[in-house]
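**Q** could you work out the structure for the sequence below:
(2 chains)
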There are 2 protein chains.
Amino acid sequence: MASAYRPQKPVVVIGAGLSGALMATVLGQRGFSVILLEKRPDLRTTDISAGRSINLALSNRGIRALDKIGITDAVLQTTIPVYGRMVHDDRGNTDLQLYSGRKNLCNYSVKRGDLNALLLDAAEGTGRVDILFQATCTHVDLQRAVVYYTKDGQERQIEAEVVIGADGAGSALRRSMLQHSSTLRFNYMQKFIDHGYKELRIPPSGDGSHRIYANALHIWPKGEYMLIALPNADGSFTVTLFLPMEGGEVSFATLQTPEAVRRFFEREFADVVMHIEDLEGDFFRNPTGTMSTIKCYPWKTYGRTLLIGDAAHAVVPFYGQGMNAAFEDVRILDDMMGEDFDGDWRKLFTEFERLRKPDADAIADMAEENYYEMRKYVKDTTFIIKRKLELALEQTFDDFHSKYSLVTYCDEVPYRVAQRLGHCQDDYLMEFSSNLRLETVEHIDLATLLKQIRKACGTPKGTCMSSVKRE
Amino acid sequence: MASAYRPQKPVVVIGAGLSGALMATVLGQRGFSVILLEKRPDLRTTDISAGRSINLALSNRGIRALDKIGITDAVLQTTIPVYGRMVHDDRGNTDLQLYSGRKNLCNYSVKRGDLNALLLDAAEGTGRVDILFQATCTHVDLQRAVVYYTKDGQERQIEAEVVIGADGAGSALRRSMLQHSSTLRFNYMQKFIDHGYKELRIPPSGDGSHRIYANALHIWPKGEYMLIALPNADGSFTVTLFLPMEGGEVSFATLQTPEAVRRFFEREFADVVMHIEDLEGDFFRNPTGTMSTIKCYPWKTYGRTLLIGDAAHAVVPFYGQGMNAAFEDVRILDDMMGEDFDGDWRKLFTEFERLRKPDADAIADMAEENYYEMRKYVKDTTFIIKRKLELALEQTFDDFHSKYSLVTYCDEVPYRVAQRLGHCQDDYLMEFSSNLRLETVEHIDLATLLKQIRKACGTPKGTCMSSVKRE
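**A** Numbering: from 1, shown residues only, chains lettered A, B, ... in the order given. Next up is the predicted model:
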């Protein structure tokens, strides 16, 4: 932060959502003039639905980035800690599968709006970030770093030092790159999964408390689909149904009437349906969302523009890492700039995309895979045995981390390493567990098991140090 | 063609390039009113560079589609038959590797402009196709099938019965689909290869004849890059250098001066450089092209619009199948409409994309793989032995077809089948050939070899009937 470099022109960040507001704050703290463009009104003064899921799971990678701007405590006060998955079976039985064998390690369920408001406050608090709301970026001149936008019905433009596109899955900056695909050799992929989602709500009980256990992600796994519920600090739960868009026995295409929806929920989710007070209302009022993975490359053009967060690498929501990965982008960029950044944005952007792209691909792929785990495996006996072994290993050995822990809590481990090591451990432990019965798990010699895993998967060096520090 | 169905509104085909002009002709022959939109001027009356490669290899799949509109003979008269690859080694030796062991099977080198002109004549010849030149489609209302375009500086629109996007890799129709990605769950992928290309020219000799052997595709394979030359009917050759854009020892980034280009060609292409008369002029006047694979899905929306050809599935040029695959799209659509098409476009488009998508993916993947074969394998001894065995098998047995033949000549074999069977045969024959020396090839018991291949790869049924008929 001691760098003497001060650009003449402002840095323009497109998108004042979670990653854009954090990025602007970090740049403002560095002493740069920042203009933050946001197409929506100010969510602190206007009641708007962002059109995206209401609550999110904040975990270590995201927290480490928030630490940079000193708002972690304020954020955590608005959250509910979530320690594991509460799996509901077809008979109404529940099983709490902890996320980690280590004490106090958890995710934090946070409302998107609350977090975004704190980030906007932080951006303004730097005294160097000018936020333009209801300003829609139409396109970017990539070579000259000129941002064209409309505000109050007028077409305007800003000459930027550099442009950072934090404008999400529908990024306007990325669209400008796509329009010059051949020149940039711009690789792009968007892939929708066959399932959609619908948000529902469990309101608080009369005394304001949570109607079901608050400190867990509830899952009703059904093989081809699932329901989940994530707690909010106000005593409510955001409930999300993930279901095929069409085809198969049940799909959004077959749930066309209030009666059909009611019958489906009474049959499949009997232990929670009574808590979703306005089931039919929520179902037909809320849109059916679609989910996609977006990959592209390069992320930068001409050393003048850079995509971060969902704009560069949107993921499906099943690992709870979309926001955390976006925040980690900002953390890594800031780390790379260091204390003596001299304005060589081209070098910064080039090194960032080279380092970060394999990690973005890794979390995108793991997020797709995790949907299968959530809706199918969590009630599978072999999987349950495997999770018990992982937790026992984590409780016993400081240096064992399950794939879930590597991804979620080991913020010093790049996603690509978490993927490679995690897959190897998963394969080994699933195979090992398939020969066990639940009753015999406690008799396993864990030291020998860990040695075998190390033999199969190699010995990772110094994984997960900061998460051990944190707790 | 005997169908009584006559839509009220015109069918709009976007793009009067090769596939669009063929599509319009086929629809015109069916009695439909067709409006064909083309952003460029009429290439029959204006000298324009299409910005794409000048000559193309027409083969059986394309010819079979041209048969539908009765212009095959007229087209073939403008072409040069090409019977194989003439491989030039570093010492100037050449080796003609025939494409097929069957007599007279060949590809036809055709000038894009000549073929396009014949197709436009055919479209107009139906009396039902109205071609609007210099009419640029800006976007399409997908649900209402309204095409918005600009002509003479004015914004206009056409209400269409259905809209067929034959507007190539930069398709405006596909762009409209991309703008509604979430609603359509529109999957999209564009991937650029690391190499670019540069077109050069060998002019005819003084007497108008070809300066090097006319009936072959000449290749100078160099491992990391290659030069090729394809004959034109006027005695010239179109020469194409395929080279990494950057990185490595030689790339377009390192060839920045006329001297560097001259030195590179003198050193690497000593047996042809004297024929490329205006080497430096061609090199710095012509653009450096980039190459990409494009995949997307769905190809249709709302039963009202459909992508075909490069707009749906652009491929890299290394299998010579881009145009042939686009023409085959039209042939298959026309076959599917049959004689009693009743106007159920939704059903037609749905069945077409379902049938055709796996074939489009297969040729896209094979085209990428073939670049390695062309620039690396063709001078590899094991590969040369394998090709000799394939040719011997084709000469001896009516029902053996190499992967190349399956793709290029067996127009009754879907690309996906050619890929599966071809890969299996390739793997078997490469392994088998790696244990042979060139001198011993003629002593191989071909009947036993074929039996082993059948055992490994299965017995294909009735492959390649029409190509046998054709010759």
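**Q** so which strand or helix has residue A:87?
**A** strand A:84-88 (DSSP states H and E).
**Q** tell me the mean pLDDT over that strand?
**A** Throughout strand A:84-88, pLDDT has a mean value of 95.
**Q** what pairs with that strand, parallel or antiparallel?
**A** The strands beside strand A:84-88 in its sheet (DSSP bridges) come out as strand A:94-98 (antiparallel), strand A:217-221 (parallel).
**Q** mean pLDDT lowest for which of those?
**A** strand A:94-98 (a mean of 93).
**Q** pull the CA atoms of the next helix or strand after that one into PDB?
**A** Downstream of strand A:94-98, the next assigned helix or strand under DSSP H and E is strand A:107-111. Taking C-alpha atoms only, strand A:107-111 is exported to PDB below (Å, rounded to 0.1, in the frame of the first residue of the first chain):
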ATOM      1  CA  ASN A 107     -19.600 -22.100   7.100                       C
ATOM      2  CA  TYR A 108     -21.500 -18.900   7.700                       C
ATOM      3  CA  SER A 109     -25.000 -18.500   6.100                       C
ATOM      4  CA  VAL A 110     -25.100 -14.900   5.100                       C
ATOM      5  CA  LYS A 111     -27.800 -12.800   3.400                       C
END
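**Q** contacts for strand A:107-111, please.
**A** A:54-59, A:63, A:75-76, A:78-82, A:99, A:217, A:230-233, A:320, A:408 (Cβ atoms under 8 Å, 6 or more residues apart in numbering or on different chains). Placement of C-beta: from N, CA and C, glycine included.
**Q** same check, this time on stretch A:165-176
**A** A:13-15, A:17, A:19-20, A:23, A:136-142, A:163, A:188, A:292, A:294, A:296, A:305-312, A:314, A:326.
**Q** these in helices, which ones?
**A** A:19, A:20, A:23, A:310, A:311, A:312, A:326 (DSSP state H).
**Q** out of the strands paired with strand A:84-88, the one nearest residue A:449 is which?
**A** For residue A:449, the closest of these is strand A:94-98, at 18.6 Å, according to Cβ to Cβ.
**Q** how near is the most centrally placed residue in chain A to residue A:105?
**A** In chain A, the residue lying closest to the centroid (Cα atoms, centre = their mean) is residue A:322, at 2.3 Å. For residue A:322, the distance to residue A:105 equals 20 Å [Cβ to Cβ, to the nearest Å].
**Q** in the longest strand along chain A, which residues are buried?
**A** Secondary structure of chain A per DSSP state E: the longest strand is strand A:187-202. By neighbour count on 16 or more other Cβ atoms under 10 Å in any protein chain shown, the buried set for strand A:187-202 is A:187-193, A:195-202.
**Q** return only those of the residues you listed found close to chain B.
**A** Among the buried residues of strand A:187-202, the residues within reach of chain B (Cβ under 8 Å from any Cβ of the partner chain) are A:187, A:188, A:189, A:190, A:191, A:192.
**Q** before we move on, the earlier item: quick one, which of the contacts of stretch A:165-176 are buried?
**A** Looking at the contacts of stretch A:165-176 with 16+ other Cβ under 10 Å, the buried ones turn out to be A:13-15, A:17, A:19-20, A:23, A:136-137, A:140-142, A:163, A:188, A:292, A:294, A:296, A:305-312, A:314, A:326.
**Q** who in chain A is up against chain B?
**A** Counting by Cβ under 8 Å from any Cβ, the residues of chain A near chain B are A:181-183, A:185-192, A:245, A:290, A:292.
**Q** farthest-separated two in those?
**A** That would be A:183 and A:245, which, of those, are the farthest apart (Cβ to Cβ) at 36.0 Å.
**Q** residue of the stretch 201-350 of chain A closest to chain B, please.
**A** Residue of the stretch 201-350 of chain A nearest chain B, by Cβ to the nearest Cβ: residue A:290 (5.0 Å).
**Q** run the chain-centre distance for the host helix or strand of that residue.
**A** Using DSSP H and E, residue A:290 falls within strand A:289-297. Strand A:289-297 sits 13 Å away from the centroid of its parent chain (Cα atoms, centre = their mean, to the nearest Å).
**Q** who does it touch, helix- and strand-wise?
**A** strand A:187-202, helix A:310-313, helix A:345-375, helix B:181-184 (3 or more Cβ pairs under 8 Å, 6 or more residues apart in numbering or on different chains; DSSP states H and E).
**Q** same thing but at 10 Å, please
**A** Other elements packing on strand A:289-297 under the criterion 3 or more Cβ pairs under 10 Å, 6 or more residues apart in numbering or on different chains; DSSP states H and E are helix A:172-178, strand A:187-202, strand A:237-244, strand A:305-307, helix A:310-313, helix A:345-375, helix B:181-184, strand B:187-202.
**Q** TSV for those, including distance to residue A:428 and mean pLDDT?
**A** Shown next, in TSV, are those (distance: least, Cβ to Cβ, whole Å; pLDDT from 0 to 100):
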stretch	distance to residue A:428	mean pLDDT
helix A:172-178	39	97
strand A:187-202	28	96
strand A:237-244	29	97
strand A:305-307	36	98
helix A:310-313	29	98
helix A:345-375	16	96
helix B:181-184	39	94
strand B:187-202	33	96
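**Q** return the member of the buried residues of strand A:187-202 nearest to residue B:391.
**A** residue A:187 (37.8 Å).
**Q** wait, the closest one sits on residue A:296?
**A** Yes - here residue A:187 reaches residue A:296: they are 6.1 Å apart, a contact under Cβ atoms under 10 Å.
**Q** okay, now the unreliable bits of chain A?
**A** Confidence mapping of chain A against pLDDT under 70 gives the ranges A:1-2, A:48-53, A:462-463, A:465-471.
**Q** apply 50 and report the result again.
**A** A:1, A:50-51, A:467-471 (pLDDT under 50).
**Q** domain assignment for it?
**A** A:11-79+A:111-190+A:292-371, A:193-290, A:380-457 (automatic domain parsing).
**Q** in JSON lines: the ones you listed, plus distance to residue B:262.
**A** Output for the domains of chain A, formatted as JSON lines (distance: least, Cβ to Cβ, whole Å):
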{"stretch": "domain A:11-79+A:111-190+A:292-371", "distance to residue B:262": "27"}
{"stretch": "domain A:193-290", "distance to residue B:262": "54"}
{"stretch": "domain A:380-457", "distance to residue B:262": "44"}
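**Q** quick one, which of these is nearest to residue B:370?
**A** It is, among these and with distance given as Cβ to Cβ, domain A:11-79+A:111-190+A:292-371, at 20.0 Å.
**Q** about what we covered before: can you name the two of the buried residues of strand A:187-202 that sit furthest apart?
**A** A:187 and A:202 (42.3 Å).
**Q** what residues are up against residue A:375?
**A** Residues near residue A:375 by Cβ atoms under 10 Å, 6 or more residues apart in numbering or on different chains: A:195, A:219-228, A:242, A:318.
**Q** go with 8 Å
**A** So residue A:375 contacts A:221, A:222, A:223, A:224, A:225, A:226, A:242 (Cβ under 8 Å, 6+ apart).
**Q** what residues are up against residue A:316?
**A** A:193, A:291, A:292, A:293, A:364, A:367, A:368, A:371.
**Q** just give the nearest non-adjacent residue to residue A:379, would you?
**A** Using Cβ to Cβ, 6 or more residues apart in numbering or on different chains and skipping the chain neighbours, the partner closest in space to residue A:379 is residue A:221 (5.2 Å).
**Q** typed the wrong thing, it's residue A:270
**A** Per Cβ to Cβ, 6+ apart, closest to residue A:270 is residue A:92, 6.7 Å.
**Q** where exactly do the strands run in the stretch 1-150 of chain A?
**A** A:11-14, A:34-37, A:55-58, A:80-82, A:84-88, A:94-98, A:107-111, A:129-132, A:135-141, A:146-151 (DSSP state E, counting those that start in this stretch).
**Q** now swap in the stretch 351-471 of chain A and tell me
**A** Using DSSP E, counting those that start in this stretch, strands in the stretch 351-471 of chain A do not occur.
**Q** pull the number of nearby residues for the residue in it positioned nearest to chain B.
**A** Using Cβ to the nearest Cβ, the closest approach of the stretch 351-471 of chain A to chain B is made by residue A:354 at 12.9 Å. Burial of residue A:354 is recorded as 12 neighbouring residues (other Cβ atoms under 10 Å in any protein chain shown).
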